[in-house]
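Engineer: curious how this folds, go ahead:
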Amino acid sequence: MHLQPAPTRFVALVVLVITALVVVACGGGAAQEASPTVGGALMTATAAMPSSSPAASPGASPTASPAGTPGGTPTGGTEDLTGWATPSDTENGTIALLLPETKTARYESADRPFFEAHFQELCPNCQIIYNNANQDAATQQQQAEAALTNGAQVLVLDPVDSAAAAAIAEMAKAQGVPVIAYDRAILNSDGVSYYISFDNVEVGRLQAQTLVDALAGVDNPQIVMINGSPTDNNAGEFKKGAHSVFDPLVDAGELTIAMEYDTPDWSPDQAQNEMQQALTALGNQVDGVYAANDGTASGAIAAMKAAGISPLPPVTGQDAELAGIQRILIGEQYMTVYKAIQPEAEIAAELAFALLTGQDVPESVTGGQTANNGATDVPAILLTPVAVTQDNIADTVVADDFWTVEEICTAEYADACADAGLE
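Structural biologist: From the prediction side, this is the model:
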């Protein structure tokens, strides 16, 4: 695979059949099997044609949120996916945006402000009930119940636990409230109206292939895999995509997965503990690290720095967090996966507005694509991820104004930015 990605933030409907897995695994200690274990429902996508706010306390009444003020404009292939909803300054109503956690920086820094800003452009007289569950499924259940009690007419739900969230979807369905599964699938419920995310199997494949490319020339490299949370359906998809690259090389004797962990709650601290365990077991002999996102990458890198490993081996990531981009510039992290969160959030906002006001959703938005969640085929929009290394930071996250040069190139990173041509 070439390290240069597809055009920046090109958003396209996925034309491949995608089978995602819910992984039931232990989080820490022993190494996991090289192949992911099937658990729960299969998420299968099909296409009909080619193609930072504090979390609310449990049980508390959610609060209406003002519009955020994010910058940037989505580019590349979103023409048919956004801009179709007709704004209204006469409509009113209430929707709820329920996000899963704050350990991953993107939810408060990008998803929430992009969603809120676009939704309130569409409906300035509407109210948004916002809650973040801080990685607690029971809290999210209570937040959803409170949102419905407080008049939410549409739920946009990014579940803490993809399986447990079925209870929320069923509760909303019983009250006639449509549900949009945002970024993570909601499994085993026919109460889901739409699913919007990225091609998450491709995310894992990009991470793994970029790592393999970085290790070219190393004889039978030994890697550690730090996967995501076993309660997150996306983590199983990332893992599946990564193993689709790694497993043939393992079978051919060209790669060794020395240790593998699933990381509860996507916790950077837990990822650091896992990496420390791996380094102890392996005598600090590690050629590369597959980390499922930038947070787990930070934990793995901290463990290796504490162990005195220098230079650091290539480490993957995901979400293009500011700290992740800065680590890539100084050579501590090799890559991240950039997911164009702005169009994801804005498409979700348009879907929520359409469901609230009874507007028709054009067929071009899904292209007839669906994702089976174990109970029904959910109309689906799956966007395209992009691999980011030192070579294309300027062409991706900077070109899209996801992060500005000023935000990235603080004094600590000025020299690295100059070397990378970020000025």
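
Engineer: all helices for the chain, in order.
Structural biologist: 106, 112-122, 137-149, 166-174, 200-214, 233-251, 268-282, 294-306, 322-329, 341-357, 363-366, 405-408, 414-419 (DSSP state H).

Engineer: so N227 sits against N234, correct?
Structural biologist: No - the criterion here is CB atoms under 8 Å, and N227 misses it with N234 at 10.8 Å. Just so you know, the C-beta spots here come from the backbone N, C-alpha and C atoms, and that holds for glycine as well.

Engineer: hmm, A144 is touching I168, no?
Structural biologist: Yes - if you go by CB under 8 Å, A144 and I168 touch, sitting 4.5 Å apart.

Engineer: on that earlier part again, name the residue in N227 and N234 with the higher neighbour count.
Structural biologist: Ranked by neighbour count (other CB atoms under 10 Å), N227 and N234 place N227 first, with 30 against 27.

Engineer: look up how far I328 lies from the more buried one.
Structural biologist: 20 Å (CB to CB, to the nearest Å).

Engineer: just V192 next, same as before
Structural biologist: Counting by CB to CB, the gap from V192 to I328 is 36 Å.

Engineer: low-confidence ranges in the stretch 201-350 of the chain?
Structural biologist: For the stretch 201-350 of the chain, no stretch has pLDDT under 70.

Engineer: run the last query once more with 90
Structural biologist: Scanning the stretch 201-350 of the chain for pLDDT under 90 picks out the ranges 340.

Engineer: picking up where we left off before, I180: which of the helices of the chain is closest?
Structural biologist: Nearest to I180 among those is helix 341-357; the distance by CB to CB comes to 5.5 Å.

Engineer: which helices and strands does that closest one pack with?
Structural biologist: Using 3 or more CB pairs under 8 Å, 6 or more residues apart in numbering; DSSP states H and E as the contact test, the elements touching helix 341-357 are helix 112-122, strand 179-182, strand 194-198, strand 377-383.

Engineer: what separates the second one from the chain centre, distance-wise?
Structural biologist: Relative to the centre of its chain, strand 179-182 is centred 14 Å away, using CA atoms, centre = their mean, to the nearest Å.

Engineer: per-residue pLDDT, the residue sitting furthest away from the middle of the chain?
Structural biologist: Within the chain, T90 marks the point farthest from the mean C-alpha position, 34.3 Å out by CA atoms, centre = their mean. T90 is assigned 88 on the pLDDT scale.

Engineer: can you give me the distance of it to C123?
Structural biologist: Taking CB to CB, one finds T90 at 9 Å from C123.

Engineer: for K239, same thing?
Structural biologist: 38 Å.

Engineer: ok, the closest residue to T256 other than its chain neighbours - contacts?
Structural biologist: The shortest distance from T256 to any non-neighbouring residue, by CB to CB, 6 or more residues apart in numbering, is to Q222 (4.6 Å). Contact analysis of Q222 by CB atoms under 8 Å, 6 or more residues apart in numbering lists T256, A258, L282, Q285, V286, D287, G288.

Engineer: want to try a markdown table for those, with neighbour count as columns?
Structural biologist: A markdown table is the format used below for the contacts of Q222 (neighbours: other CB atoms under 10 Å):
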| residue | neighbour count |
| --- | --- |
| T256 | 15 |
| A258 | 17 |
| L282 | 13 |
| Q285 | 11 |
| V286 | 23 |
| D287 | 19 |
| G288 | 21 |
